[in-house]
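Trainee: Fold the following and give me the result.
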Amino acid sequence: MRVEACCQALLEHLLPDLDPQRQGLCVDVGVGTFAFYCELFARLGFATVAVEPSPTDKLRAVCQQYPIQLIEQCLSDRVGTQTLHMGQFANLANSNFSSLAADWFGASTDTRPVTTLDLATLLGQVGATQITAFKLDIEGWEPIVIQQFADLPAELLPRVVMFEYGGGGSRQKGEKGWSSKFLTGSVDCLRHLQQRGYSFSVMVDYASGTGVKVFDLQTLDLDLDSPFYANGVYGNILCFHQQRFTAERINRICTPYGGGLANWLVSKWVS
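Mentor: Modelled structure (predicted):
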């Protein structure tokens, strides 16, 4: 399934419902070199922040065009300096796989120091009073950021959080982005969001033959149940705060991108 195209379509259709007056901020953390969510947010009329330690010339041009506030740092759990392990995939340098985690499958031994800030510092720096969307794709470091949601006041909880999971191969093999450490981290992301009241959720996976899953995070026992496909490769999960959509609408948005709804999951977990 075309993961990024589907997720961008979901946000393009649903964000105007979440915040019709465009009062909240949209934040794109880990922009990368393609599928610029920050550009989508800005095009929809939202004030937008992009957090990317290695911005491409194209991203700089996009940020100047709209404008988008570009922060050339890494979001972490501390304010200071950390080591960024530069990305490598198929033996080629690829900044989309750069990570603060030395044991991330896409991280190389080529490193550079980067300045980091924690979530509270970031939101204070940009003057956030309301957040509509928070997209997070930082190569295995997602739980380090999402756990900080526990310290946010209720009014600063994003209306929707999207984070990436998996990567590097199939979940069946239990390697790379599906190793025990990083799979546990993905589950921890869901657990933290569950504790903060996030419920209606949509999962989009790259694996062939998979459908989009819609589930209620509040009814999911994360110690017993997993929303991930056995043959999952990588994908995004979108978790919404105090907002629900019909399964039919999600299916209508996602079907053009290669995956209809996994109806059995809808009937099990969505009232």
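
Trainee: now residue 212: how far from residue 18?
Mentor: Per C-beta to C-beta, to the nearest Å, residue 212 is found 19 Å from residue 18. Placement of C-beta: from N, CA and C, glycine included.

Trainee: Comparing these two, which shows the higher neighbour count?
Mentor: residue 212 (27 against 18; other C-beta atoms under 10 Å).

Trainee: ok, now how distant is the more buried one from residue 252?
Mentor: Counting by C-beta to C-beta, the gap from residue 212 to residue 252 is 11 Å.

Trainee: Next: residue 218.
Mentor: Counting by C-beta to C-beta, the gap from residue 218 to residue 252 is 24 Å.

Trainee: before we move on, what about residue 166?
Mentor: Taking C-beta to C-beta, one finds residue 166 at 26 Å from residue 252.

Trainee: cool, and residue 111?
Mentor: Applying C-beta to C-beta, the value for residue 111 to residue 252 is 45 Å.

Trainee: more neighbours, residue 166 and residue 252?
Mentor: The residue with more neighbours, out of residue 166 and residue 252, is residue 166; 23 against 13, by other C-beta under 10 Å.

Trainee: from what I can see that one touches residue 232, true?
Mentor: Yes - with contact defined as C-beta atoms under 8 Å, residue 166 reaches residue 232; the gap is 5.7 Å.

Trainee: Where do the helices of the stretch 151-271 of the chain begin and end?
Mentor: With DSSP state H, counting those that start in this stretch as the criterion, the stretch 151-271 of the chain has helices at 180-195, 247-254, 263-269.

Trainee: Just send those helices back as CSV, with mean pLDDT and distance to residue 241 too.
Mentor: Shown next, in CSV, are these (pLDDT from 0 to 100; distance: least, C-beta to C-beta, whole Å):
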stretch, mean pLDDT, distance to residue 241
helix 180-195, 98, 8
helix 247-254, 94, 17
helix 263-269, 45, 17
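
Trainee: JSON lines please, covering the ones you listed and showing distance to residue 201.
Mentor: Output for those, formatted as JSON lines (distance: least, C-beta to C-beta, whole Å):
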{"stretch": "helix 180-195", "distance to residue 201": "8"}
{"stretch": "helix 247-254", "distance to residue 201": "10"}
{"stretch": "helix 263-269", "distance to residue 201": "9"}
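
Trainee: Of those, which is nearest residue 224?
Mentor: helix 180-195 (11.4 Å; C-beta to C-beta).

Trainee: Quick check: which helices or strands does that closest one pack against?
Mentor: helix 142-146, strand 160-166, strand 234-241 (3 or more C-beta pairs under 8 Å, 6 or more residues apart in numbering; DSSP states H and E).

Trainee: try it again with 10 Å
Mentor: When contacts are defined as 3 or more C-beta pairs under 10 Å, 6 or more residues apart in numbering; DSSP states H and E, helix 180-195 sits against helix 142-146, strand 160-166, strand 198-205, strand 234-241.

Trainee: Quick one: closest of those to residue 103.
Mentor: helix 142-146 (13.5 Å).

Trainee: Please compute how far the closest one lies from its chain's middle.
Mentor: 10 Å (C-alpha atoms, centre = their mean, to the nearest Å).

Trainee: average pLDDT for that helix?
Mentor: Across helix 142-146, the average pLDDT comes to 98.

Trainee: Give me every residue in contact with that helix, excluding its own residues.
Mentor: Applying C-beta atoms under 10 Å, 6 or more residues apart in numbering, the external contacts of helix 142-146 come out as 29-30, 51, 74-78, 100-101, 118-119, 122, 134, 136, 138, 161, 163-165, 182, 184-193, 196, 237, 239.
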